[in-house]
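Engineer: A structural model of the following input is requested.
(one chain, ligands or ions: 1)
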Amino acid sequence: MELQIEQVSKTYGSKSALNGVSLKLKPGVVGLLGPNGAGKSTLMRMLATIEQPTTGKITWNGVDIARQPQILRQELGYLPQDFGVYPNLTPLEFLDYMAAMKGLSAKTARTRINELLEILNLSHDRKRLLGGFSGGMRQRVGIAQSLLNDPSLLIVDEPTVGLDPGERIRFRNLLSSLSAERIVILSTHIVTDVESIAPTIAIMAKGRLVTYAEPENLIQSVEEKVWNCIIPAAALQDMQEKYTLSSAIQRSDGIHARIVSDLRPMPNATLLPSSLEDAYLYRVSSLGATP
Ligand SMILES: Nc1ncnc2c1ncn2[C@@H]1O[C@H](COP(=O)(O)OP(=O)(O)OP(=O)(O)O)[C@@H](O)[C@H]1O
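Structural biologist: Got it, this is the predicted structure:
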């Protein structure tokens, strides 16, 4: 099982959304991190065969998906960023409908839907109208529809938007448990969404792939670049303009500003252990993008 993205670019009129992105993916979760407008959704839509690259090629097990999209579609599960449900349907009716759209036989669909409702903890609510569901419950229905055909490639675009912290954790665990025999691509701008579950992380900014690496290596790459600076409140804005600020916490002795910088920002700055968030900020801002 292999998904290869080769020098893919996408332009909309004169606007470049994606610029020469190359990646080779094997089974497991890959976290796709990037600020708003980085090109993540554009890439996801091309992987989901909804759009085609302007230049470059995407192959699924060696087959060009622009030429033969149906080969990948049979094995694809996709939860788009703007996934909507029909409020007047129940999960059972909605999943039945989606299964029919995906060409599953009624018998296979019924077995699979029951399995998924169980896995996603929706069995008790199978006959309630979706209109009354919470954001987290709707996301679980979205995930259920993306898994109907037991896909080898699962693409989830910003899936945790609108979820509460508990739902977010449960959702991450679910994705982890699904990743053994498939490629799972999880796109987000929230570092903690991918930190615990993605053994590899791709960072995008301004339509480019900034880096593709393991979280440990990313964290290591900013060791001795993360500083704690204690500053008066009046100096915060100036600091923010000059440096990449990871966080600022008000304490009794002043503001503790966490700065990611190659050089010591001020004489009494002290080094802090680096985190994935620091590495992400460092990589994205080094491209001149706003994290
Ligand atoms: N259909 C389109 N027509 C014109 N420009 C587009 C279109 N789709 C995306 N873009 C532009 O391409 C760039 C990348 O957008 P994209 O939605 O892929 O980014 P993203 O990383 O997914 O960000 P977000 O998290 O905000 O969705 C943005 O500047 C966006 O305005």
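
Engineer: What values do phi and psi take at the residue nearest to D150 when sequence neighbours are not counted?
Structural biologist: Distances taken as C-beta to C-beta, 6 or more residues apart in numbering place R112 nearest to D150, at 7.5 Å, with adjacent residues excluded. Using the backbone N, CA and C atoms, a C-beta is placed for each residue, glycine as well. Backbone torsions for R112, taken as degrees, to the nearest 10, come to phi -60, psi -40.

Engineer: R112 touches K102, doesn't it?
Structural biologist: No - R112 is not in contact with K102 according to C-beta atoms under 8 Å; the separation is 10.1 Å.

Engineer: List the contacts of the closest residue in space to A233 that isn't next to it in sequence.
Structural biologist: Distances taken as C-beta to C-beta, 6+ apart put I255 closest to A233, at 5.8 Å, once the chain neighbours are dropped. I255 sits next to 230-233, 235-236, 248-249 when contact means C-beta atoms under 8 Å, 6 or more residues apart in numbering.

Engineer: Just these: which are in helices?
Structural biologist: Among the contacts of I255, DSSP state H puts L236 in helices.

Engineer: Can I get the contacts of I255 in a markdown table including pLDDT?
Structural biologist: Below are the contacts of I255 laid out as a markdown table (pLDDT from 0 to 100):
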| residue | pLDDT |
| --- | --- |
| I230 | 96 |
| I231 | 95 |
| P232 | 94 |
| A233 | 92 |
| A235 | 94 |
| L236 | 94 |
| A248 | 95 |
| I249 | 95 |
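
Engineer: Of the contacts of I255, which is the nearest to the ligand?
Structural biologist: A248 (24.2 Å; C-beta to the nearest ligand atom).

Engineer: For R182, give its distance to P151.
Structural biologist: Distance from R182 to P151, counting by C-beta to C-beta, to the nearest Å: 6 Å.

Engineer: Look at the two and report which has more neighbours.
Structural biologist: Higher neighbour count among R182 and P151: P151, with 21 against 18, using other C-beta atoms under 10 Å.

Engineer: Skipping its backbone neighbours, what lies nearest the more buried one in space?
Structural biologist: Spatial nearest neighbour of P151, excluding adjacent residues (C-beta to C-beta, 6+ apart): G77 at 3.4 Å.

Engineer: Assumed that neighbour was part of a helix.
Structural biologist: No - counting by DSSP: H, G, I helix; E, B strand; the rest coil, G77 falls outside a helix, being strand.

Engineer: still on that earlier bit, just the ones of the contacts of I255 in strands?
Structural biologist: 230-231, 248-249 (DSSP state E).

Engineer: Tell me who's in contact with R73.
Structural biologist: By C-beta under 8 Å, 6+ apart, the residues touching R73 are T49.
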